[in-house]
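>>> Any chance you can model this:
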Amino acid sequence: MTALYEVRGNVAVITLDNPPVNGLGLATRKACVEGVLRAEADPAVQAVVLTGAGRAFSGGADIKEFGQPSALAEPSLHTLIRVVEACSKPVVAALHSVCMGGGLELALGCHYRVAEAKATLALPEVKLGLVPGAGGTQRLPRALGVEPALNMILSGEQVPCELLALAPGQKLFDRLVPQDALGAAVALAQEVAAVRPLPKVRDLAATHPNADAYFQFVRNSVAAAQPRYPAPQRCIDAVSWSLTLPFEDGLRRERETFIALMLTPESKALRHAFFGERAASKIADVPENTPLREIRSVGVIGAGTMGGGITMNFLNAGIPVTLLETKQEALDRGVATIRKNYEAQVKKGKLKDDKYAARMALLSTTLSYDDLKNTDLIIEAVFEEIGVKEAVFRQLDAVAKPGAILASNTSTLDLNQIAAFTARPQDVLGMHFFSPANVMKLLEVVRGQATAKDVLATVMQLAKKIKKTAVVSGVCDGFIGNRMLEQYVRQSTFLVDEGCSPEQVDKAAEAFGFAMGPFRVGDLAGNDIGWAIRKRRRVEKPDVRYSECADRLCELGRFGQKTGAGWYDYQPGNRKPIPSPVVAEMLEKHRAAIGAKTRAISDDEIVQRLVFALVNEAAHLLEEGIAQRASDVDMVYLTGYGFPLWRGGPMRYADEFGLFNVVQAMKRFAANAMDDGAFWQPAPLLERLVAEGKSFT
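Below is the predicted model of the structure:
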């Protein structure tokens, strides 16, 4: 069923019914049009109410139709809105829960709107690199006012109706009710059944006392904040047309703009990320109806930076946490840091005092493993050394209740080995958070050989509750993200061996769109961490080649921002990187020691070596089954490693660049004696895709 039709007295009620959020797919649009025409033809019906079943009025376009012919088939959303708007009997929208995108545009085509105060409205198209495409930029400024409408359209965020109702002179809502929007809408429909002419948003005038200055101010602000994206500027254009053009002309130009933006690389990348995030939650051999374990309480072992950040995720979601440390001083420091983080949010107005108090009330601390015996999920966030992990998991195996999920936050160690420290490997998996754990969206969920399907399904669902983008990884050294990062970092140091400065490499990466270049990231994370990993790798994988320039840096005690000196110099209390003459001298001596022949290297070569190193390693991960799909790799890098969102991730970028061209570039890199020729042999999957004329995504 896609739309229900019933008559209450003299009012026809049409209920969108397309779970989960009443997406406006073709079948739903057809049923809705048929319902309106049926009501119009029935002399016993004097008015119509349009609402949505379940948990939304409508979430907008049906994402299952994106890119399909049915998305544009008639009746289109434009046609549906015209049918509603042209109905000879009043149509009242009953807005509850959520009304987004095309759903809001449909509501704006109704003659009247009744909304629940707590319901939220949004036009999120800008997040997909688009403008609203069914009249949102023309009707919303007329109904709500130009400035609040443009703010909604540019942010794409959901806004509560009770806040929108405060806009001066707004004509968006005819009634705002605390609950039961449907009942109130039916009552209003009966009241206005005989009122003519029928009010139409399109007939309202959009006005602004100083439009030219206002739009120029917004353009300048958006250009500074979002220079890479065309859609925000086009949103401003479209809203300006609501003041300067006849309604139909504005509607036509809005549609032309929507179609043009659909073809831009930025919109394609954003839509790829949108679908990639949803695909990541699906696991091929784990049915969606897998029974889940109940997670009512969480234990976190380790109150350091990572443990504290992990703890905050669960407190934010209303889940009690027991935080364990070995010493009271460490516990006190950890709790003080959590308080400091929350107090900073309170000071910025992002968190209310009562919510801060409620979150802290969910936190308890302990020095005893016995206090974890009743928790449903226990996450260790201790030092990254296998002996330390072993001690923790043997303790947990002894005290945790049957069925408790035991998780490791390890970023590189063998999860299967960690699981084997327990008698319940089926209950063990990796939950690799990214620092700062209370901010970063990515959560790598590492599936061990023995991890039970219900354990995996439970943690994937829990990730949504704590607002993380969860990506499943198999077990290997570094999992998805850090295994790829190793090749990226190796390339950055080979580039330095060949004559690049750290700042040249960083600037090229940042001009490409990375949030930070590799050397700035190293200084932020701590160069000693990479040093420890390289020492371990040289024992475990002696055939892998590394530049020794990073080791020379660490031998000078330059571990990064925490020591005030790394690849860059830092002034006390200031994170701004300053090119270091000490590092420049060290690199000159290093190059002389290895007999390096330096050369001028272009920014294009720097970017290609960094990014294609990610791509080639990811192709191996896909071939090995460590990553499920190419879009999962992209989600890891978009949400955890600062890859530019507007490029869609390394795999999407490689597709856009052309996989044939990627392989040709790799062959050039393989011929460079200063580089690692063996690494640049294309992964079998990459070669196969090129031979078959296919792409990753």
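
>>> Helix or strand next in line after the one helix or strand residue 593 maps to, which one?
For residue 593, the element it lies in under DSSP states H and E is helix 581-594. Per DSSP H and E, the first helix or strand lying C-terminal to helix 581-594 is helix 603-624.

>>> rewinding a little: list the buried residues for the helix holding residue 593?
By neighbour count on 16 or more other CB atoms under 10 Å, the buried set for helix 581-594 is 583, 586, 587, 590, 591. Every residue, glycine included, has its C-beta placed from N, CA and C.

>>> Any chance of the residues you listed in JSON lines with distance to residue 445 and pLDDT as columns?
JSON lines is the format used below for these (distance: CB to CB, whole Å; pLDDT from 0 to 100):
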{"residue": "583", "distance to residue 445": "38", "pLDDT": "97"}
{"residue": "586", "distance to residue 445": "40", "pLDDT": "96"}
{"residue": "587", "distance to residue 445": "39", "pLDDT": "97"}
{"residue": "590", "distance to residue 445": "40", "pLDDT": "96"}
{"residue": "591", "distance to residue 445": "42", "pLDDT": "96"}
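
>>> Between those, which sits nearest residue 475?
Using CB to CB, residue 590 comes nearest to residue 475 of those, at 35.3 Å.

>>> which residues sit in contact with the closest one?
With contact taken as CB atoms under 8 Å, 6 or more residues apart in numbering, residue 590 is in contact with 497, 548, 549, 552.

>>> again, only this time at 10 Å
Counting by CB atoms under 10 Å, 6 or more residues apart in numbering, residue 590 makes contact with 496, 497, 547, 548, 549, 550, 551, 552, 553, 596.

>>> hmm, back to that, how about the helix holding residue 593 as PDB, C-alpha atoms only?
The C-alpha trace of helix 581-594 is given here as PDB (Å, rounded to 0.1, in the frame of the first residue of the first chain):
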ATOM      1  CA  PRO A 581      65.400  24.800   9.900                       C
ATOM      2  CA  VAL A 582      66.400  21.900  12.200                       C
ATOM      3  CA  VAL A 583      64.300  19.500  10.100                       C
ATOM      4  CA  ALA A 584      65.600  21.000   6.800                       C
ATOM      5  CA  GLU A 585      69.200  20.400   8.000                       C
ATOM      6  CA  MET A 586      68.300  16.900   9.200                       C
ATOM      7  CA  LEU A 587      66.800  16.100   5.800                       C
ATOM      8  CA  GLU A 588      69.800  17.400   3.900                       C
ATOM      9  CA  LYS A 589      72.100  15.100   5.900                       C
ATOM     10  CA  HIS A 590      69.700  12.200   5.500                       C
ATOM     11  CA  ARG A 591      69.600  12.600   1.700                       C
ATOM     12  CA  ALA A 592      73.400  12.800   1.500                       C
ATOM     13  CA  ALA A 593      73.700   9.700   3.600                       C
ATOM     14  CA  ILE A 594      71.400   7.600   1.300                       C
END
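
>>> rewinding a little: from the contacts of residue 590, pick the one nearest residue 684.
For those, the nearest to residue 684 is residue 547 (26.9 Å; CB to CB).

>>> helix, strand or coil for that closest one?
Of the three states, residue 547 takes coil according to DSSP: H, G, I helix; E, B strand; the rest coil.

>>> Do you know the pLDDT at it?
Residue 547 carries a pLDDT score of 94 in this model.

>>> Near it, how many other residues are there?
Per other CB atoms under 10 Å, the neighbour tally for residue 547 reads 23.

>>> same deal with residue 529?
When neighbours are counted by other CB under 10 Å, residue 529 registers 16.

>>> go on, residue 674?
16.

>>> Could you do the one 3 residues further on as well?
Around residue 677 there are 14 other residues, counting by other CB under 10 Å.

>>> right, and it touches residue 494 too?
No: shown here, residue 677 and residue 494 do not form a contact pair, counting by CB atoms under 10 Å, at 11.3 Å.

>>> what's the overlap in contacts for those two?
545, 669.

>>> gap between the lowest-mean-pLDDT helix or strand in the chain and the chain center?
In the chain, no helix or strand scores lower on mean pLDDT, DSSP states H and E than helix 527-540, which sits at a mean of 87. Relative to the centre of its chain, helix 527-540 is centred 31 Å away, using CA atoms, centre = their mean, to the nearest Å.

>>> Can you list the buried residues in that helix?
Result for helix 527-540 [16+ other CB under 10 Å]: buried residues 527, 528, 529, 530, 533, 534, 537.

>>> Residues contacting it, please?
Contacts for helix 527-540 (CB under 10 Å, 6+ apart): 384-386, 411-413, 477-478, 482, 485-486, 489-490, 493, 519, 522, 526, 544, 546-548, 550-551, 553-555, 557-563, 565-567.

>>> Any of these buried? List them.
384, 411-413, 478, 482, 485-486, 489-490, 493, 519, 522, 526, 546-547, 550-551, 553-554, 558-561, 565-567.

>>> In helices, which of the residues you listed fall?
Counting by DSSP state H, the part of the buried ones among the contacts of helix 527-540 found in helices is 482, 485, 486, 489, 490, 493, 519, 522, 550, 551, 553, 554.

>>> Farthest pair within those?
Once CB to CB is applied, those give 482 and 553 as the farthest pair, at 19.8 Å.

>>> List just the nearest of the ones in helices among the buried ones among the contacts of helix 527-540 to residue 264.
Checking these one by one against residue 264 (CB to CB), the nearest turns out to be residue 485, at 29.1 Å.

>>> wait, isn't the closest one in contact with residue 637?
Yes: applying CB under 10 Å, one finds residue 485 in contact with residue 637, separated by 9.1 Å.

>>> Residues that sit against both of these two, list them.
residue 614.

>>> Okay, buried residues for stretch 499-513 please.
499, 500, 501, 502, 503, 504, 505, 506, 508, 509, 512.

>>> Can you flag which of those belong to helices?
502, 503, 504, 505, 506, 508, 509, 512.

>>> Please list all residues in contact with the first one.
Under the criterion of CB under 10 Å, 6+ apart, the contact partners of residue 502 comprise 492-493, 495-496, 517-520, 522-523, 549, 553, 566-568, 577, 579-580, 583-584, 587.

>>> ok so, going back, rebuild the buried residues of helix 581-594 as CSV, extending it with distance to residue 620.
Shown next, in CSV, are the buried residues of helix 581-594 (distance: CB to CB, whole Å):
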residue, distance to residue 620
583, 32
586, 33
587, 30
590, 30
591, 30
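
>>> Local confidence estimate at residue 691?
Residue 691 is given a pLDDT of 97.
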